[in-house]
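Q: how would this look folded up:
(2 chains)
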There are 2 protein chains.
Amino acid sequence: MTRIAKDRPVITVVSVFTVEPKNQQRLLNILIKATNVVIRHMPGYVSANFHQSLDGRNVVNYAQWRSQEDIEAMMRDATVQEFMQEVNKLATVASQLYRVAYTDEVFQRPPTAARPLPQVGSA
Amino acid sequence: MTRIAKDRPVITVVSVFTVEPKNQQRLLNILIKATNVVIRHMPGYVSANFHQSLDGRNVVNYAQWRSQEDIEAMMRDATVQEFMQEVNKLATVASQLYRVAYTDEVFQRPPTAARPLPQVGSA
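A: Got it, this is the predicted structure:
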């Protein structure tokens, strides 16, 4: 489980991949394989979170790293670059580095609760 | 604190705003105000998480909602539309609806851990 919070000491990389819907699952498979084979073992890796758009045309990776330097080292890695060549055959990608500016979440009752969810709550 | 997990019953909206760096903080202020004044009180709202790009040119909102219907109702709301007119004066936005496909996070030592790391050669 990945946590988003303002006080976590991470840099967030949001990557939006654009893909033909028929290739969305194939793209996801390559990204997940790259994460498991090489990326998650690199210094400073914190998390990767892959999302598939309901319309099939996009994949988002919400990734967390310890520092910008760790991200740059990962991108220079030869095995990572081989995986990115596979990705580039299927998709275009736009990535940016972010810090968390503000978060807000309503209180959520556990899904097994008998009563309905409240509409308003504290963060 | 917002959680990303494959088994959470949410739809994720990833919105990427593009803005002049001089307007990034002003855009954030409008989005945070819209969240607090109207969006967080709407049915099905779970969380909003605003991120500012290190280069000043983007803002990302990683938002979670109970359902696609709740998102559509929010976008039809008159007060939300007034805030979006303010946003559109400063930024362009690309939004998509997603489901979480895969998450991976490395184990992290809590930052407040009581015991220091073992010192090599100090015994």
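Q: now check stretch A:93-101, is it near chain B?
A: Yes: contact of stretch A:93-101 with chain B (C-beta under 8 Å from any C-beta of the partner chain) involves A:A94, A:Q96, A:L97, A:Y98, A:R99, A:V100, A:A101. C-beta here means a position set from N, CA and C on the backbone, and glycine is covered the same way.
Q: from the residues you listed, which is closest to A:D77?
A: Nearest to A:D77 out of those is A:L97 (C-beta to C-beta; 17.4 Å).
Q: how close does that closest one sit to A:E72?
A: Separation of A:L97 from A:E72 (C-beta to C-beta, to the nearest Å): 10 Å.
Q: Tell me which of those two has more neighbours.
A: A count of neighbours by other C-beta atoms under 10 Å in any protein chain shown puts A:L97 above the other of A:L97 and A:E72, at 17 against 11.
Q: Next, the more buried one: secondary structure please.
A: strand (DSSP: H, G, I helix; E, B strand; the rest coil).
Q: If I follow the layout properly, it ends up in contact with A:I11?
A: Yes: using C-beta atoms under 8 Å, A:L97 is in contact with A:I11, at 5.5 Å.
Q: what is in contact with the two at once?
A: Common contacts of A:L97 and A:I11, defined by C-beta atoms under 8 Å, 6 or more residues apart in numbering or on different chains, comprise A:Q68, A:I71, B:L54.
Q: Could you save those residues as CSV and add columns showing distance to A:V19, pLDDT and secondary structure?
A: Shown next, in CSV, are the shared contacts of A:L97 and A:I11 (distance: C-beta to C-beta, whole Å; pLDDT from 0 to 100; DSSP: H, G, I helix; E, B strand; the rest coil):
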residue, distance to A:V19, pLDDT, secondary structure
A:Q68, 27, 97, helix
A:I71, 22, 98, helix
B:L54, 26, 98, coil
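Q: Pull out the buried members of these.
A: A:I71 (16 or more other C-beta atoms under 10 Å in any protein chain shown).
Q: want to throw the shared contacts of A:L97 and A:I11 into TSV with distance to A:F50?
A: Compiled in TSV, these are given as follows (distance: C-beta to C-beta, whole Å):
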residue	distance to A:F50
A:Q68	22
A:I71	17
B:L54	22
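Q: wouldn't A:D104 be in contact with B:K33 here?
A: No: look at A:D104 against B:K33 with C-beta under 8 Å: they stay out of range, at 11.7 Å.
Q: Looking at the two now, which is surrounded by more residues?
A: A:D104 (19 against 13).
Q: can you tell me which residues contact the more buried one?
A: A:A123, B:T35, B:N36, B:R40, B:S47, B:A48, B:N49.
Q: Closest one to B:F17 out of the shared contacts of A:L97 and A:I11, please.
A: Distances from B:F17 to the shared contacts of A:L97 and A:I11, taken by C-beta to C-beta, are shortest for B:L54, at 14.9 Å.
Q: quick one: is the helix or strand bottoming out on mean pLDDT in chain A near chain B?
A: Of all helical and strand segments in chain A, the minimum by mean pLDDT, DSSP states H and E falls on strand A:2-4, at a mean of 93. Yes: against chain B, strand A:2-4 shows contacts by C-beta under 8 Å from any C-beta at A:T2, A:R3, A:I4.
Q: what is the second one paired to in the beta sheet?
A: With DSSP bridges as the criterion, A:R3 is bridged to B:R3.
Q: dump the residue contacts of it.
A: The contact partners of A:R3, by C-beta under 8 Å, 6+ apart, come to B:M1, B:T2, B:R3, B:I4.
Q: these two touch, right, the second one and A:E105?
A: Yes: using C-beta under 8 Å, B:T2 is in contact with A:E105, at 5.1 Å.
Q: Residues in contact with both of these two, list them for me.
A: The contact sets of B:T2 and A:E105 overlap at B:S47, B:Q64 (C-beta under 8 Å, 6+ apart).
Q: Quickly find the element holding the residue nearest to A:V87 when sequence neighbours are not counted.
A: Setting aside the residues directly before and after it, A:V87 is nearest to A:I30 in space (C-beta to C-beta, 6 or more residues apart in numbering or on different chains), at 5.7 Å. Element membership of A:I30, judged by DSSP states H and E, is helix A:24-37.
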